[in-house]
Structure formats: structure tokens, C-alpha cells
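J.: need a 3D model of the sequence below.
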Amino acid sequence: MKRTSILFAILCAAAGLAQAQQPTQQEPAPAPQAEAAAPAKSEPIVPGSAQPGPAAEQLIVTDNKIGKGAEATVGATVYMHYTGWLYRPLAKNQRGRQFDSSLPRGEPLDFKLGSGKVIKGWDQGIVGMKVGGKRTLIIPAELAYGARAMGGIPANSALIFDVELMDVK
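T.: All right, here's what the predicted structure looks like:
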């Protein structure tokens, strides 16, 4: 790995903690229902006052562009560009506050797919992509960081990522 990002470090730490604390499950537990809808605008996160957004009930994978290159399979090293936001279904494009992106760094994130080095929503949502493909992943809290707050991400937050598969090795 040439460079690590804040998100990659967070993803690694979260994946390691999740594996150590919970037994592996085939089916993710359904997310709790949100009691109130999120506001239509993004709100700044003030330390100590962050509230989780509405729940996403399951991993939602949307192909925005189908790639034509090699396919991402479990065990392969994938090279991904990404941008991550808090999931806010009533906000423009369902995106709340952006918390990380590989694009300004200019170098994709690389990791071994299916090895638990990233959040479960990524390990599940990237399988089957082809190089050149672009996807949007809406990830429920259970497949992200769960009940733990992580950096600027409140506990029990659903996330949304735009990902692009740059290479597979």
C-alpha cells in the first residue's frame, strides 16, 4: 500500500473490532427503524452532539456504470477511488456531510477483498464489479461501524459511498 487514508485506518480498525467482538453472521440483522426523518440539509457535526441519521434497512448496491475490465472477486486486491457521506435520504442525492474521499489524494485505496480489512458493506458491495465500473453503496450501520462512533461518523449511522474500481490484481 502506497498511502493510507484516514478512512482506511478507520475501516481497518472497525473491521478488526467488529470481528473480535461479534461472531460472523450470514445475514445482517435488520436495522432499527428511524423515528423521524432527517432534515433536508446537511448539518455540521459538533463534537459530543452528533446524532445518527435514519436507518438504512439493508445494503443497497446501484451500478452507475458497468465496467469492462477484470472482475472483483473475494481474495483479489482491489484498487478503489471513493467518496463517503453520511446517508440522509431526504438530502440532495441522499448525501449528508462528506467525511472522506480518495479523490483529492489522487491515489486509490487498495485492499484484499473479503478479508475483513474494510467495513462489511464494502466487502459485500464491491464483489462482482469490473474495472472501470462505478457503484453507489448505501450501507446500513450494522455493515458499517454499528454502535461505535468513528471520527466524524456518529454511532449507528448509515453511510453512502460512491466507489470506482480502478484495478484488480
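
J.: shaky segments in this structure?
T.: 1-55 (pLDDT under 70).

J.: let me see the ranges of the strands in it.
T.: Taking DSSP state E as the test, the strands found in the chain are 60-65, 77-87, 95-101, 109-112, 134-139, 159-168.

J.: in JSON lines, list those along with mean neighbour count and distance to residue 128.
T.: Where C-beta positions appear, they are placed from N, C-alpha and C, glycine not excepted. What follows is the strands of the chain, written out as JSON lines (neighbours: other CB atoms under 10 Å; distance: least, CB to CB, whole Å):
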{"stretch": "strand 60-65", "mean neighbour count": "14", "distance to residue 128": "9"}
{"stretch": "strand 77-87", "mean neighbour count": "22", "distance to residue 128": "11"}
{"stretch": "strand 95-101", "mean neighbour count": "19", "distance to residue 128": "23"}
{"stretch": "strand 109-112", "mean neighbour count": "19", "distance to residue 128": "16"}
{"stretch": "strand 134-139", "mean neighbour count": "21", "distance to residue 128": "9"}
{"stretch": "strand 159-168", "mean neighbour count": "22", "distance to residue 128": "10"}
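
J.: dump these to CSV, plus distance to residue 120.
T.: As requested, the strands of the chain are arranged in CSV below (distance: least, CB to CB, whole Å):
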stretch, distance to residue 120
strand 60-65, 13
strand 77-87, 15
strand 95-101, 17
strand 109-112, 13
strand 134-139, 8
strand 159-168, 12
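
J.: quick one: which of those strands is nearest residue 121?
T.: Nearest to residue 121, of all the strands of the chain, is strand 134-139, at 3.2 Å by CB to CB.

J.: what's the closest of the strands of the chain to residue 150?
T.: Nearest of the strands of the chain to residue 150, taken as CB to CB: strand 95-101 at 9.1 Å.

J.: and the angle for that closest one with strand 134-139?
T.: 110 degrees (axes from the mean of the first three to the mean of the last three CA atoms, to 10 degrees).

J.: which strands and helices lie in contact with strand 95-101?
T.: Packing partners of strand 95-101 (3 or more CB pairs under 8 Å, 6 or more residues apart in numbering; DSSP states H and E): helix 6-21, strand 77-87.

J.: from the contact counts, what lies against the shortest one?
T.: Helices and strands touching strand 77-87, by 3+ CB pairs under 8 Å, 6+ apart, are strand 95-101, strand 109-112, strand 159-168.

J.: angle of it against strand 60-65?
T.: Counting by the same axes, to 10 degrees, strand 77-87 points 120 degrees away from the direction of strand 60-65.
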